[in-house]
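Participant: when you get a sec, could you give me coordinates for this:
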Amino acid sequence: MSNWRWWICSLLFVATTVNYLDRQVLSLTYKEFIAPEFHWKDADYGTITSLFSIFYAIACLFAGKFVDWMGTKKGYLIAIGVWSLGAVMHAACGWATAQIEGLGSVAAMRAVEAGSTAALAISTTSVYLFLLCRGILALGESGNFPAAIKTTAEYFPKKDRAFATSLFNAGASVGALAAPLLIPPLAKHFGWEWAFIIIGSLGFIWMFFWQFMYDKPEKSKFVSQAELDYIHQDEGQEPAPAQSSADASVAEKSIPFIQCFKYRQTWSFIVGKFLTDGGWWFFLFWAPAYFHDHFNAPASSPLGKGLIFTLYAIVTVVSIFGGYLPKLFIEKMRVNPYHGRMLAMLIFAFFPLVALAAQPLGSISPWWPAILIGIAGAAHQAWSANIFSTVGDMFPKSTIASITGIGAMAGGIGSMIVQKVAGNLFTYAHEQGAAFHFLGFEGKPAGYFIMFCFCGLAYLLAWILMKALVPHYKPIKVDE
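Facilitator: Below is the predicted model of the structure:
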């Protein structure tokens, strides 16, 4: 048997790594480099991250259908090309702001008196310019997971999909892990603009490999007949058609887009993504600012790098096992894939509760929040690998990208709400100081504790609602 499916999985891993590197450039340059230059407050950053989330959510609604329509190969190429362009464009925001505001240089913007009318104009203009770039980034990035999940369904049988998904989804953790080692040094030595340019250009390199390595397994010259039979083992337990006759096979019917919303299975996926994606994106976008504010550990400092690296090292290593657990249930307990995944997701839903202890234990050492947030993040990635795989369990391959896009839209909306609430909450808590209380904490620490509590409890609530919507395994038939 050939093993080309694992090479394809490695491409998905690299694309997801680049995806999360591009997202992290802003969060790792915000406090130390960008905020002083553009006179931003936490509320400004919260506005940008929340609107990025809603841009992403809206784009996801159409990205899945776009990938189903264009096909996996072309759809993925277009997606990563657009988001790489958007990532690189961020580098021009400083220059463009200076030109619009009539200032001679970026240094002149930084020298403007904080709190002045000129500072407000600079922050407002720069926020709009960054939103434009984030919108383009979100448009392209919305295609990553629909295309990746569709590819996984094409190249792996159901029992292996959660494991394959956890492997390529680990790219999110690896991207977040590599980001503090790459981005702050680039920003410190070459300027924050070059951090966006260099990291953003990685996607263009990936496109070259995808163009020459990917093809559907039935058409790929690298996939043997034995591997093809293994891939298609779920389809009536019959051997896959020979490669020579693959082109003659009848294309699978797709569920019309609007009809997708009539299924409880779709709404189960929507609810699960809406309630849980916000927690992951909160940690992704705000962890560097949290360590900077509370422990005086900028992202470019040794302590800041160590804390962020530790957090995402835990996420990277632990989350991979999240895809293996349902495989173990399916093979050893002989349960159907959906039941095995839901059982695994229930277990993973308890681990984010450790985030409730991050703020209290932070008074002892900054390493405690890094470790506990890392455990919560690992649980999210394990949860994510399985919730994505439930789509392949219950929907035909022709509709997987569309359903994935719908769920990603719901996750983006949930994240938008979380980011906006967080930004406004932190600004308000900082201004109120000791007058703002929550369970023994005051000021901004109280605000972070509120957010940690939400992120910790969201997964159990999501699992309960998902189980109520789809209590038993019921795959969708196209003619239903």
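Participant: list the contacts of Thr427.
Facilitator: Contact analysis of Thr427 by CB atoms under 8 Å, 6 or more residues apart in numbering lists 41-43, 46. (Glycine included, C-beta is placed from N, CA and C.)
Participant: and if we set it to 7 Å?
Facilitator: Shown in contact with Thr427 (CB atoms under 7 Å, 6 or more residues apart in numbering): 41-43.
Participant: name the helix or strand for it, please.
Facilitator: helix 400-432 (DSSP states H and E).
Participant: each with direction, which strands does the helix or strand that that helix is followed by pair with?
Facilitator: Scanning forward in sequence from helix 400-432 by DSSP H and E, the next helix or strand is strand 437-438. Paired neighbours of strand 437-438 in the sheet (DSSP bridges): strand 441-442 (antiparallel).
Participant: from the chain's centre, how far out does the strand it pairs with sit?
Facilitator: Here strand 441-442 is found 31 Å from its chain centre; the criterion is CA atoms, centre = their mean, to the nearest Å.
Participant: ok, residues contacting that strand?
Facilitator: Against strand 441-442 from outside (CB under 7 Å, 6+ apart): 359, 433-434, 436, 449.
Participant: re earlier: buried sites along the helix holding Thr427?
Facilitator: Across helix 400-432, burial judged by 16 or more other CB atoms under 10 Å covers 400-416, 418-427, 429-430.
Participant: residues touching stretch 68-80, excluding its own?
Facilitator: With CB under 7 Å, 6+ apart as the criterion, stretch 68-80 contacts 15, 66-67, 140, 143-144, 147, 150-151, 154, 203, 206-207, 210-211, 214, 254, 398-399, 401-402.
Participant: just the buried residues of stretch 216-223, please?
Facilitator: Buried residues in stretch 216-223 (16+ other CB under 10 Å): 217-218, 220, 223.
Participant: next one: stretch 145-161 to chain centre, how far?
Facilitator: 17 Å.
Participant: for that stretch, output the C-alpha coordinates as CSV.
Facilitator: Extracted C-alpha coordinates of stretch 145-161, given in CSV (Å, rounded to 0.1, in the frame of the first residue of the first chain):
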residue,chain,number,x,y,z
PHE,A,145,-10.7,24.6,7.1
PRO,A,146,-13.5,23.8,4.6
ALA,A,147,-10.8,22.8,2.1
ALA,A,148,-8.8,20.9,4.6
ILE,A,149,-11.8,19.0,6.0
LYS,A,150,-13.0,18.2,2.5
THR,A,151,-9.5,16.9,1.6
THR,A,152,-9.4,14.7,4.8
ALA,A,153,-12.8,13.2,3.8
GLU,A,154,-11.4,12.5,0.3
TYR,A,155,-8.2,10.8,1.5
PHE,A,156,-9.1,9.1,4.8
PRO,A,157,-11.8,6.5,5.9
LYS,A,158,-14.1,7.6,8.8
LYS,A,159,-12.1,5.8,11.5
ASP,A,160,-9.0,7.8,10.6
ARG,A,161,-10.4,11.2,10.0
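Participant: mind listing what's buried in stretch 129-146?
Facilitator: 129-131, 133-146.
Participant: let me see the mean pLDDT of that stretch.
Facilitator: Regarding stretch 129-146, the rounded mean pLDDT is 92.
Participant: contacts for that stretch?
Facilitator: Residues contacting stretch 129-146 (CB under 7 Å, 6+ apart): 15-16, 19, 22, 48, 51-52, 55-56, 59-60, 63-64, 66-67, 75-76, 79-80, 82-83, 85-87, 89-90, 93, 96-97, 401, 404-405, 408.
Participant: same thing with stretch 20-34?
Facilitator: 40, 45, 83, 87, 137, 171-172, 175-176, 178-180, 183-184, 187, 192, 195-196, 199-200, 202, 284-285, 288-289, 292, 298-300.
Participant: before we move on, what about stretch 106-118?
Facilitator: By CB under 7 Å, 6+ apart, stretch 106-118 touches 36-37, 39, 94, 97-98, 103, 119, 122.
Participant: which of those fall within helices?
Facilitator: With helices taken from DSSP state H, the overlap with the contacts of stretch 106-118 comprises 36-37, 94, 97-98, 119, 122.
Participant: having no further points to raise, I will conclude here.
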